[in-house]
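**Student:** Using only what follows, build the 3D model:
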Amino acid sequence: YYPKPVKCILVTKPERFEHAKKVFRGSGVQVQMEGSKDSGIEINCEGTRHLGAAVGNSSFKKSYIKQKVDGWIYAVKKLADVAATQPHAAFAAFTHCLQGQWTFLSRAMSGTSDMFKPLEDVIRADFIRALLRREVNDLERDMLSLPARLGGMGIYKPAEECLISNTNSMYISDPLVRLIQRQVFDFDPRELADEMKALRIDIDKESDNRFKAKLEVILAHAPSELKLAVSAASEKGASSWVTASPSYDHDTVLHKGDFVDACYIRYGWTLLNLPLTCACGTAFSLQHALDCRLGGLRIIQHNEVRDTLAKCMREAGHTAVETEPRLQPLNGEVFDYKSANKDDQARSDMKCCGFWSNMRQAYFDVKVVSPFARSNVHLEPTQLFKNAERVKIREYKERIRNVEHADFNPLVFTCTGGMAPQCQMVVKRLAEKLSKKQNLQFSVVSGWLRCRLSFALLRTTLLCVRATRQKKPVYDNNIELAVVMARMDY
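**Tutor:** Here you go, the predicted model:
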């Protein structure tokens, strides 16, 4: 590579400016005092923009950062206006696009933390308030700044992230800097890539430990409702709807009411504009909405998850997939557990031939539990899943194994998107089959499948909360009699 004078920038100290003009006279470098790289200015005493950052004296860098921050403040306020009607779209634009702009600048320039405080004030006062329809306190703001996998929303604090971003950037680019300083031309690019990959892993581990330590501090001062909600939101797969971009083509869009309700459920806040009483006559609450059987909404949630998994099994190449398969009637078989299902009309939720081994049937039964139920609030997630799986195993496994000569797996989900161990095993197996069928990476298919299940659980949970419940109507009209007696034409 041979540098061209018209593409070069020379930033010099004021007392060396005249000397620089003499040194570069006749080289093709134009000597001017103000401007930028794009307008052909090559030598100046203040500084210049370079690769999205600024180099030069401190006053030039501060003015450059202030100009950038002012532009981002304007953009955040505009997103706050969008959040009033389309909060899901505004949230995705902030986390997937706008937030990365100041993250890049903080990596390229050091000592910028104080200058990002006005931006943090606008994010908290304008954007988050418009997004969630409420003010957030310091504890809640810290919670929102955590990654989604730890129960946060990924709305990071710019002033805090600036403190470590530049250090991490220098750490991971150190191998490249050493090569440039030594002017090494003969090196193995694969070794360099492996070294930088190892450094990136170190940075990810350090960041993960930092976020986990921050979460422990938050939970130490958090109320019990927030602790329970964050514990449920931290389960693997429970945050897939948070990180997914809204898309009508892939059915990942939430309207403003659903998005706000989903955020409130995620953090255990009291939902807005709930009715005082249910149609069944009981006081209405989130947990009652998830328990009440009036209107058949719980069945809709169960069936939506079942149908989503059955459809994915068919997409993975299994043609012999059946929902609600009837089990064989019993002829005197005896089972160890009294809770075993001995009904001659018994059915499981799904049956798939060849799921675990060739030509062997596999049965599955779905169960969706609420971590907010009175009987579950004192349980750790592991114990909650263990209890729910045990109930299904005692009900079906022995009968299916001895009578059907088939495999059985309980599929236990939480209404917030968490999965029990056996359910995770089944989802992993299904993702492997889908990845082979469609020739895609396993990680890509696994993330897609978890996201699909997350939205199925979220939408049906919101349906239980917001749908209208009515008692079963009694129709007195005899249509056939009315047509005959009134001589109605048809």
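
**Student:** Name the nearest residue to M153, ignoring sequence neighbours.
**Tutor:** Spatially, and ignoring its direct neighbours in sequence, M153 is nearest to L144 (4.7 Å; CB to CB, 6 or more residues apart in numbering). Quick note: C-beta positions are derived from backbone N, CA and C, even for glycine.

**Student:** How much space separates the one you found from Y156?
**Tutor:** Distance of L144 to Y156, computed by CB to CB, to the nearest Å: 9 Å.

**Student:** okay, those two: which has more neighbours?
**Tutor:** L144 (22 against 19; other CB atoms under 10 Å).

**Student:** isn't that one right up against G151?
**Tutor:** No: applying CB atoms under 8 Å, one finds L144 not in contact with G151, separated by 9.7 Å.

**Student:** what pLDDT does G257 get?
**Tutor:** As predicted, G257 sits at a pLDDT of 93.

**Student:** Run a quick neighbour tally on the nearest residue to it once chain neighbours are set aside.
**Tutor:** Nearest non-adjacent residue to G257, counting by CB to CB, 6+ apart: R466, 7.2 Å away. R466 is flanked by 16 other residues according to other CB under 10 Å.

**Student:** And the pLDDT for P3?
**Tutor:** 70.

**Student:** Could you confirm it falls within a helix?
**Tutor:** No: counting by DSSP: H, G, I helix; E, B strand; the rest coil, P3 is not part of a helix but coil.

**Student:** residues of the longest helix along the chain that come out buried?
**Tutor:** Secondary structure of the chain per DSSP state H: the longest helix is helix 189-221. Going by neighbour count (16 or more other CB atoms under 10 Å), the buried part of helix 189-221 is L199, F211, K214, L215, I218.

**Student:** Next up, the contacts around the last one.
**Tutor:** Going back to what we said before, that points to I218. Residues near I218 by CB atoms under 8 Å, 6 or more residues apart in numbering: L139, D142, M143, L146, V230.

**Student:** any idea which element the fourth one lies in?
**Tutor:** The one in question is L146. Here L146, judged by DSSP states H and E, is contained in no helix and no strand.

**Student:** close enough to count as contact, it and G152?
**Tutor:** Yes: using CB under 8 Å, L146 is in contact with G152, at 2.8 Å.

**Student:** before we move on, the earlier item: which one of the buried residues of helix 189-221 sits closest to Q183?
**Tutor:** Closest approach to Q183 among the buried residues of helix 189-221 (CB to CB): L199, at 21.9 Å.

**Student:** Against F259, how distant is the nearest residue to that closest one once chain neighbours are set aside?
**Tutor:** Leaving aside its sequence neighbours, L199 sits nearest to I172 (CB to CB, 6+ apart; 4.7 Å). I172 sits at a distance of 35 Å from F259 (criterion: CB to CB).

**Student:** Comparing these two, which shows the higher neighbour count?
**Tutor:** The neighbour count for I172 versus F259, taken as other CB under 10 Å, is higher for F259 (23 against 18).

**Student:** so who does that one touch?
**Tutor:** Residues counted as contacts of F259 (CB under 8 Å, 6+ apart) are P87, H88, F91.

**Student:** ok so, going back, who has more neighbours, L146 and G152?
**Tutor:** G152 (25 against 21).

**Student:** That one: helix or strand, and which one exactly?
**Tutor:** Counting by DSSP H and E, G152 is part of no helix or strand.

**Student:** Am I right that it is in contact with M143?
**Tutor:** Yes: with contact defined as CB under 8 Å, G152 counts as touching M143 (5.9 Å).

**Student:** for the record, mean pLDDT for stretch 260-269?
**Tutor:** The average pLDDT within stretch 260-269 is 94.

**Student:** ditto for stretch 306-314
**Tutor:** 95.

**Student:** Stretch 8-23 now?
**Tutor:** Here the average pLDDT along stretch 8-23 is 77.

**Student:** Ends of it, what's the gap?
**Tutor:** 15 Å (CA to CA, to the nearest Å).

**Student:** Distance from the chain centre to it, please.
**Tutor:** A distance of 51 Å separates the centroid of the chain from that of stretch 8-23, by CA atoms, centre = their mean, to the nearest Å.

**Student:** Tell me the buried residues in it?
**Tutor:** In stretch 8-23, counting by 16+ other CB under 10 Å, buried: I9, L10, V11, T12, A20.

**Student:** now stretch 429-449
**Tutor:** L430, A431, K433, L434, S435, V445, S446, G447, W448, L449.

**Student:** give the contact list for the fourth one.
**Tutor:** Applying CB under 8 Å, 6+ apart to L434 gives the contacts C312, E315, A316, L440, V445, L449.

**Student:** Doesn't the fifth one lie inside a strand?
**Tutor:** No: secondary structure of V445 (three-state DSSP): helix, not part of a strand.

**Student:** gap between it and K311?
**Tutor:** Here V445 is placed at a distance of 14 Å from K311 (CB to CB).

**Student:** Equivalent analysis for the fourth one, please.
**Tutor:** Separation of L440 from K311 (CB to CB) stands at 17 Å.

**Student:** Low-confidence regions, the chain specifically.
**Tutor:** Scanning the chain for pLDDT under 70 picks out 1-2, 5-7, 26-45, 471-476, 490.

**Student:** tell me which strands and helices the host helix or strand of H19 is in contact with?
**Tutor:** Per DSSP H and E, H19 falls inside helix 17-23. If you count contacts as 3 or more CB pairs under 8 Å, 6 or more residues apart in numbering; DSSP states H and E, helix 17-23 packs onto strand 43-44.
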